[in-house]
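1. Output the structure for:
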Amino acid sequence: MEYLPDEVGDLVHLNDGIRVPRGIGTLANLHTCTGICSGAGIPGELSSLTQLRKLDVHEVSDDHAGELFASIIKLENLVFLSLTAEPPWSVTLLPELEPFSPPPHLQKLILRGGLVEMPNWLPSVENLTILELRHSNLLEEPSSVLQYLPKLKHLTLWEAYKAKLIGKEFCDGGGFPELKALKIASKNLVEWTKIVNGAFPSLRYLGFYGCRKLRFLPEGLQNISTIQELFVGALHSDLARRLNGKENYKIEHISKFHWRSEIF
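-> The predicted structure follows:
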């Protein structure tokens, strides 16, 4: 079956996830709606789904962004939101997000697609525990507006930042107070210079994925006493030599350090 029948709208007591092309506005008890494409009248219908807790929208574009955002704002029970730009979303910009104001109880947010800049409202999402920025391709470090989110526990920056260098400004002392896991993927990243004292006070997992150019782990990593696991994918030979030699002190306190076999 490629399409659901128009009569899907008659299932007014449906409350579990289902992929629907249109006619969802009457499903007032729906809790989960994933994989829908933003178009064909869908954005306007979403505002009727007042019990919705999880929403995953694809092909978000300027053509209907205003209507889509206006509907999402009304979904007060929403705790999970994923927005994906038009394909190919790895190189396509998401619409301007400044006019958007997220629902008050949002706990998980995934943004797939380019961002001109970080939306100013993001630090105000106080209940956010999981944030994923994928192919944002930002020119400035996104962490400056993220590090004081009081409940953030999992942060994924997947090609979120174009720069070759992460500086100590990435996290101030006391920054990311509840963060447990940080995952970074970047084809450009060469070095993370320094982690200041008091940064990442709760961090347990640090992972680098596809960072083929990464040659330097940060000074100060040795001071994060809570960290339990470090992962480096595609370990560069320069970094391998340092960690096996004079910079081993940065990781010797970490109980689990693993990497992929493609050392080059």
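2. Every contact and neighbour count from this point should use C-alpha atoms.
-> OK.
3. Quick check: which element contains residue 257?
-> strand 256-259 (DSSP states H and E).
4. Please tell me how far residue 31 sits from residue 75.
-> 11 Å (Cα to Cα, to the nearest Å).
5. So which elements touch the strand holding residue 257?
-> If you count contacts as 3 or more Cα pairs under 8 Å, 6 or more residues apart in numbering; DSSP states H and E, strand 256-259 packs onto strand 229-232.
6. what's the offset of the strand it packs on from the middle of its chain?
-> 19 Å (Cα atoms, centre = their mean, to the nearest Å).
7. Parallel or antiparallel, which strands does it pair with?
-> Within its sheet, strand 229-232 is paired with strand 205-209 (parallel), strand 256-259 (parallel), according to DSSP bridges.
8. Pull out the buried residues from the shortest one.
-> For strand 256-259, a neighbour-count test (16 or more other Cα atoms under 10 Å) marks residue 259 as buried.
9. now it, how far from the centre of its chain.
-> Relative to its chain's centre, strand 256-259 lies at 23 Å (Cα atoms, centre = their mean).
10. Looking at it now, give me its mean pLDDT.
-> Averaging pLDDT along strand 256-259 gives 93.
11. do the same with stretch 207-215
-> In this model, stretch 207-215 has a mean pLDDT of 95.
12. who's in contact with that stretch?
-> The contact list for stretch 207-215 (Cα atoms under 8 Å, 6 or more residues apart in numbering) reads 182-191, 230-236, 238-239.
13. switch the cut-off to 6 Å
-> By Cα atoms under 6 Å, 6 or more residues apart in numbering, the residues outside stretch 207-215 that reach it are 183-187, 189-191, 230-234, 238-239.
14. Restrict that stretch to CA atoms and write it as CSV.
-> The C-alpha coordinates for stretch 207-215 follow below in CSV (Å, rounded to 0.1, in the frame of the first residue of the first chain):
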residue,chain,number,x,y,z
GLY,A,207,32.1,11.1,20.6
PHE,A,208,33.7,12.3,17.3
TYR,A,209,32.1,10.8,14.2
GLY,A,210,33.7,11.1,10.7
CYS,A,211,36.1,13.7,12.0
ARG,A,212,38.8,12.5,9.6
LYS,A,213,41.0,15.6,10.0
LEU,A,214,40.9,15.7,13.8
ARG,A,215,44.5,15.9,15.0
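15. okay but residue 83 is in contact with residue 111, surely?
-> Yes - at 5.2 Å, residue 83 counts as touching residue 111 under the criterion of Cα atoms under 6 Å.
16. all helices for the stretch 1-150 of the chain, in order.
-> 42-46, 65-73 (DSSP state H, counting those that start in this stretch).
17. Around the residue lying closest to residue 98 once chain neighbours are set aside, count how many other residues there are.
-> Excluding its sequence neighbours, the residue lying closest to residue 98 (Cα to Cα, 6 or more residues apart in numbering) is residue 119, at 5.5 Å. Neighbourhood size, residue 119 [other Cα atoms under 10 Å]: 16.
18. got it, and residue 241?
-> 13.
19. Then the one 10 residues further on?
-> The local packing of residue 251 (other Cα under 10 Å) involves 21 other residues.
20. what does residue 229 give?
-> Using other Cα under 10 Å, residue 229 has 18 other residues around it.
21. need the strands for the stretch 1-150 of the chain, in chain order.
-> Assigned by DSSP state E, counting those that start in this stretch, the stretch 1-150 of the chain shows strands spanning 32-37, 54-60, 80-85, 108-112, 130-134.
22. before we move on, back to that, quickly, which of the helices of the stretch 1-150 of the chain bottoms out on average pLDDT?
-> Sorting the helices of the stretch 1-150 of the chain by mean pLDDT places helix 42-46 lowest, at a mean of 87.
23. Buried residues in that helix, which are they?
-> For helix 42-46, burial by neighbour count (16+ other Cα under 10 Å) applies to 42, 43, 44, 45, 46.
24. Packing partners of it?
-> Helices and strands touching helix 42-46, by 3 or more Cα pairs under 6 Å, 6 or more residues apart in numbering; DSSP states H and E, are helix 65-73.
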